[in-house]
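*Asks:* please find the sequence and the predicted model below.
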Amino acid sequence: MNDTTVAPRATIRARIHESAVKRVTRTYAATLPEILAETLQNARRAGATRIRIAVDAFDAPNAGDFPDGGRPSLSVIVSDDGAGIADPALLLSFGENGWPDDLVRREDAAGFGFASLARRGCAVSSRPKSPSGDTRPGWRVDHAPEHFLGEADADVLPEDTAPFPHGTAVAFPATESLTAIRCAAAAAARHHPLPVLFADRTEGDTADGEPLPRRAFLDGAVHAETWRGLAFGVFRNRNAGWNDPDLNFLGLTLAVRLPTIETVHGAIWTVRADVRDCPDLELVLPARKEAVETGFLKEMREAARLAVYRAMSADPSPRPTFADQARAQRAGIGIAPPPAVLRPWRPALADADDWRDPPKLAMVGQDALVMDFDPDPPEAQALWRAAVRAGISCRLFEADRRLAGYGWHDSLDRVTDMSVQVATDGAWTAIGDLPAPERTDPSAVPLPSRPSAIRIALTVRRPTVPPATLDLPADLAFAGEAWSWIEDALPLVTGDSDLSPHRLADVLAAAFFAPCDDSDSDSRETQRQRFDDDALHLATRLLLSDADAVRTSIGDAARRELLWLCPKDRAVTIRIARPEVSVTLADTVPDS
């Protein structure tokens, strides 16, 4: 804007200032995919029956700037047998094109595609098709970046080697390798309506080239239907990546975020759209890399969702979520509900990276208990042991809120909370009210006293009756904080428990081991080994004695660190009396 003061006009009208031409080189990024997409689209619109992409040694004089800053070594020539270009001036008249009105209406042709070559420069040769069938003379124009910017006039020259009997050829320089050009050409041709040939002429070969592979955009769909100039294809368990293209605009693919329907422990359904004749669909111009968010696009996504529902209705095991089944039913589409199966519940582990295969789905009975809360790993491990001992572990199932609304699911009892009480000196005390154990030895972690009994109370919410409490006798619980170090773990084990030190150490690892991933930390394996040693030492002290814990730890350390050094045929005696260590080797191993 300038500061010149002028009288305001009574009316104004949109116009394009001539300075906009100075920015035309920034309309496109000048990448190979963009250029090939535009040149192939123009060939199709010109009525071509086939397209050839040839690569030759670079000899064009009008090389411009390149995305990678390199120097061109190859030339890419895209030629077709279409109707040709009658007026060369249309190439540099941005926003104007010579396409028929019905084509412009169907495809929203913007007249900017040629600008994709503005940064590189190019040479265009063309021979227009004569309505009478006569052969017309060809012409050629070399375009440098200054021609695109309106800074210089481009000369139109006669060209006898223009495509014959009619058609257009566009040659532009490339810094990319031959392999990169072939890959970009293959990607541009994959879903294009016309056959595309690729010819490597860098070694002087003049053959027409080999056809690039093509594949229908909806190939592999299990269900197809049309809607307002689009063809929808529905796929079951298609391996789609992030931002995977789901719309094919006559060979140009882009992502418009059509719905993905996930089922309950079943297939993942996706949908793609192939444009046939859909003027209501608006794409962001000029590159058409994304769709304009319009009311039509919203309707399109809903229509695509209903297409998926119709495909699911024909599937023998659709397993829809309740929300999807209800939404389909409102649209008059019936989808069978999922069977009454849930995944059996298993206690959480402190190590989030310790991924294990989940248990297989199982039928639920009327006595099933859905775990509708997430206890921390120490609580979960103690609850699981108590459930196994009480014989109800097979009744525990994971909650799956995707099923909420189905009658069989909503009729199940739900565990919504748990509490732990400990019996000491004949009185029951909530585990959170227990006093912390006193430290009697500064060199050892304090141990909690062993209670006479432990009780885990589960709060059970039932659909039609007041909540109830399910009491489980237990022999193990954990006081203190979850997500703490092994030194802070406070395992409570009843005096009559049959837990062994090694089994308790395993439970401690499941409840508390979470490796540190800082850059200066030891490896996961080393951290786990140290944790297991400390856990076994703690478990042995608690269940046996301090002396037994010392003997066990020394024995485990010797087996791990020293056994490989000891000769197989001689007994080794090690005596440690700090600070002295003496080792005696027997002549032979005594008979056992």
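*Replies:* Nice, I can see it. Just so it is clear, the structure is predicted and the values come from calculations on it, not from any experiment. Numbering: from 1, shown residues only.
*Asks:* which parts of this structure are helices?
*Replies:* 32-45, 101-107, 145-148, 178-189, 295-313, 322-330, 377-390, 407-410, 501-512, 524-543, 546-561 (DSSP state H).
*Asks:* the fourth one packs against which elements?
*Replies:* Applying 3 or more Cβ pairs under 8 Å, 6 or more residues apart in numbering; DSSP states H and E, we find helix 178-189 packed against helix 32-45, strand 51-57, strand 74-80, strand 196-200. Yep, even glycine has a C-beta here, placed from its N, CA and C like the rest.
*Asks:* any idea of the mean pLDDT for the longest one?
*Replies:* Confidence over helix 32-45 (mean pLDDT, whole number) is 93.
*Asks:* any chance of the helices and strands packed on helix 178-189 in a markdown table, plus distance to residue 526 and mean neighbour count?
*Replies:* Shown next, in a markdown table, are the helices and strands packed on helix 178-189 (distance: least, Cβ to Cβ, whole Å; neighbours: other Cβ atoms under 10 Å):
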| stretch | distance to residue 526 | mean neighbour count |
| --- | --- | --- |
| helix 32-45 | 48 | 23 |
| strand 51-57 | 54 | 21 |
| strand 74-80 | 53 | 23 |
| strand 196-200 | 54 | 19 |
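*Asks:* relative to residue 84, which of the helices of the chain is closest?
*Replies:* Closest approach to residue 84 among the helices of the chain is made by helix 32-45 (10.7 Å; Cβ to Cβ).
*Asks:* ok, and what's touching that closest one?
*Replies:* Contacts of helix 32-45 with the rest of the structure, by Cβ atoms under 8 Å, 6 or more residues apart in numbering, involve 28, 51, 53, 76, 78, 80, 82, 99, 103, 107, 109, 113-114, 116-117, 120, 168, 170, 172, 174, 176, 180-181, 184-185, 187-189, 192-194, 196, 250-252, 287.
*Asks:* likewise for stretch 145-152?
*Replies:* Outside stretch 145-152, the residues within contact range by Cβ under 8 Å, 6+ apart are 18, 21-22, 24-25, 62, 64-65, 92, 115, 117-119, 121, 144, 153-154.
*Asks:* restricting to C-alpha, output that stretch in PDB.
*Replies:* Provided in PDB are the C-alpha atoms of stretch 145-152 (Å, rounded to 0.1, in the frame of the first residue of the first chain):
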ATOM      1  CA  PRO A 145      12.300 -17.400 -16.100                       C
ATOM      2  CA  GLU A 146      12.300 -13.800 -17.300                       C
ATOM      3  CA  HIS A 147       9.600 -14.700 -19.900                       C
ATOM      4  CA  PHE A 148       7.300 -16.100 -17.200                       C
ATOM      5  CA  LEU A 149       7.900 -12.900 -15.100                       C
ATOM      6  CA  GLY A 150       6.900 -10.600 -18.000                       C
ATOM      7  CA  GLU A 151      10.400  -9.100 -18.200                       C
ATOM      8  CA  ALA A 152      11.100 -10.100 -21.800                       C
END
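*Asks:* span of stretch 468-480 from start to end?
*Replies:* End-to-end distance for stretch 468-480, by Cα to Cα, to the nearest Å: 27 Å.
*Asks:* go on, stretch 491-510?
*Replies:* 13 Å.
*Asks:* stretch 182-197 now?
*Replies:* This stretch, stretch 182-197, spans 11 Å end to end (Cα to Cα).
*Asks:* what of stretch 252-268?
*Replies:* Stretch 252-268 stretches 25 Å from its first residue to its last (Cα to Cα).
*Asks:* please convert the buried members of the contacts of stretch 145-152 into PyMOL selection syntax.
*Replies:* Entered in PyMOL, the line below selects the buried ones among the contacts of stretch 145-152, by 16 or more other Cβ atoms under 10 Å:
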select buried, resi 21+24+25+62+64+92+115+117+118+119+121+144+154
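*Asks:* what's the burial count for the residue nearest to residue 122 when sequence neighbours are not counted?
*Replies:* The spatially closest residue to residue 122, leaving aside those adjacent along the chain, is residue 172, at 4.0 Å (Cβ to Cβ, 6 or more residues apart in numbering). The number of residues packed near residue 172 is 28, by other Cβ atoms under 10 Å.
*Asks:* quick one, the strand ranked longest in the chain and helix 377-390 angle?
*Replies:* Longest strand in the chain, counting residues (DSSP state E): strand 413-424. Calculated by axes from the mean of the first three to the mean of the last three Cα atoms, to 10 degrees, strand 413-424 forms an angle of 90 degrees with helix 377-390.
*Asks:* quick check: buried residues in strand 413-424?
*Replies:* Judged by neighbour count (16+ other Cβ under 10 Å), strand 413-424 contains these buried residues: 413-415, 418, 420-422, 424.
*Asks:* which parts of the stretch 101-250 of the chain are strands?
*Replies:* Here the stretch 101-250 of the chain has its strands, by DSSP state E, counting those that start in this stretch, at 122-127, 139-143, 156-158, 167-174, 196-200, 210-211, 223-227, 230-236, 247-249.
*Asks:* now those strands as JSON lines including distance to residue 310 and mean pLDDT?
*Replies:* What follows is the strands of the stretch 101-250 of the chain, written out as JSON lines (distance: least, Cβ to Cβ, whole Å; pLDDT from 0 to 100):
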{"stretch": "strand 122-127", "distance to residue 310": "47", "mean pLDDT": "95"}
{"stretch": "strand 139-143", "distance to residue 310": "50", "mean pLDDT": "95"}
{"stretch": "strand 156-158", "distance to residue 310": "55", "mean pLDDT": "95"}
{"stretch": "strand 167-174", "distance to residue 310": "43", "mean pLDDT": "95"}
{"stretch": "strand 196-200", "distance to residue 310": "34", "mean pLDDT": "95"}
{"stretch": "strand 210-211", "distance to residue 310": "36", "mean pLDDT": "95"}
{"stretch": "strand 223-227", "distance to residue 310": "7", "mean pLDDT": "98"}
{"stretch": "strand 230-236", "distance to residue 310": "8", "mean pLDDT": "97"}
{"stretch": "strand 247-249", "distance to residue 310": "20", "mean pLDDT": "95"}
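*Asks:* about what we covered before: redo the helices of the chain as JSON lines? Include distance to residue 232.
*Replies:* Listed next are the helices of the chain as JSON lines, based on distance: least, Cβ to Cβ, whole Å:
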{"stretch": "helix 32-45", "distance to residue 232": "22"}
{"stretch": "helix 101-107", "distance to residue 232": "19"}
{"stretch": "helix 145-148", "distance to residue 232": "39"}
{"stretch": "helix 178-189", "distance to residue 232": "23"}
{"stretch": "helix 295-313", "distance to residue 232": "4"}
{"stretch": "helix 322-330", "distance to residue 232": "15"}
{"stretch": "helix 377-390", "distance to residue 232": "45"}
{"stretch": "helix 407-410", "distance to residue 232": "31"}
{"stretch": "helix 501-512", "distance to residue 232": "48"}
{"stretch": "helix 524-543", "distance to residue 232": "47"}
{"stretch": "helix 546-561", "distance to residue 232": "62"}
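*Asks:* I'm done for today, thanks for sticking with me.
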